[in-house]
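Chemist: Following is a predicted model, sequence given first.
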Amino acid sequence: MTVGIALRSALGETYRSSLRLLVLNSALSATLAAAAVLVSAFPLVLFVAPLIAGPVVAALVHCTVKLVREETFGFDDAFEGLRRHWRRGLALGGLFGAGLLLGVLSVAFYLSSAHRIWPLAALAIYLLALFSLVVLLAWPLAIDSPERPLLDALRDAALLLFRSPTRLLTFGAALLAVNLLGAVAVLPLLMLTIAYSFLAAAHVALPEPTHEEVTTWQA
């Protein structure tokens, strides 16, 4: 699926399920805010907040995968996703938090007045962006196939990136712009940027259904 089709499909699904996605997106944002309040020490919060929010993200991604696969979901699916995938949520949330913490500390170190090593700072930012994109793509893969090891989802996400780097870097840049717009507008909940990002990632990462699967879902 092309980047444009994935982004447009996610936009349509976000619009059609906006109220339910708004509730889930708000729950995730509230969890992140609570974690930031509990652990106010920067930069430790960069690790703790994604770790704590991981199970809630797993519930949200479970719903986005169901929306992509079956074109609908209910709030009961969110609780089912939380029950089934909370451990994977903790693992992926902790992994992303650790990478985010390491990346931010590296960039701050190379940009500090004592060092000012601009090429290494740029490299650290680039690697952090690649890492974030791999984790984003791994989420729907891990939730869609819970019987597979988590490392397989991460490997498959990395292979997707390295097979089509230009396409997926363009995709990542588009999602970054969407989320930055939401942050600048101070309306991230209303704009549903997090839910939209996971919907778009599911369209990019998950294999398109076969005719047999489509017939089964519509039956």
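Modeler: Yep, it's here. Numbers count the residues shown, from 1 in each chain.

Chemist: Setting aside sequence neighbours, what's the nearest residue to residue 105?
Modeler: residue 43 (6.2 Å; C-beta to C-beta, 6 or more residues apart in numbering). For glycine as for every other residue, the C-beta is placed from the backbone atoms N, C-alpha and C.

Chemist: tell me the SS of the one you found?
Modeler: Here residue 43 is coil, with the state taken from DSSP: H, G, I helix; E, B strand; the rest coil.

Chemist: Check whether it really touches residue 103, as I assumed.
Modeler: No. Counting by C-beta atoms under 8 Å, residue 43 does not reach residue 103; the two are 10.2 Å apart.

Chemist: picking up where we left off before, list the contacts of the residue nearest to residue 105.
Modeler: Shown in contact with residue 43 (C-beta atoms under 8 Å, 6 or more residues apart in numbering): 101, 104, 105.

Chemist: Now restrict those residues to buried residues only.
Modeler: Buried subset of the contacts of residue 43 (neighbour count, 16 or more other C-beta atoms under 10 Å): 101, 104.

Chemist: So which elements touch the strand or helix carrying residue 64?
Modeler: Following DSSP states H and E, one finds residue 64 within helix 45-70. On a contact count with 3 or more C-beta pairs under 8 Å, 6 or more residues apart in numbering; DSSP states H and E, helix 45-70 meets helix 3-16, helix 18-38, helix 75-111, helix 118-144, helix 193-205.

Chemist: roughly how far apart are residue 14 and residue 47?
Modeler: From residue 14 across to residue 47, the span is 29 Å (C-beta to C-beta, to the nearest Å).

Chemist: Without its sequence neighbours, what residue ends up closest to the residue positioned nearest the centre of the chain?
Modeler: Geometric centre of the chain, nearest residue: residue 136, 3.9 Å, by C-alpha atoms, centre = their mean. Of all residues not flanking residue 136 in the chain, residue 201 sits nearest, at 5.0 Å (C-beta to C-beta, 6+ apart).

Chemist: which ones are touching the one you found?
Modeler: The neighbours of residue 201, taking C-beta under 8 Å, 6+ apart as the test, are 136, 137, 139, 140, 175.

Chemist: Tabulate those (TSV), appending distance to residue 196.
Modeler: Listed next are the contacts of residue 201 as TSV, based on distance: C-beta to C-beta, whole Å:
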residue	distance to residue 196
136	12
137	15
139	14
140	13
175	8
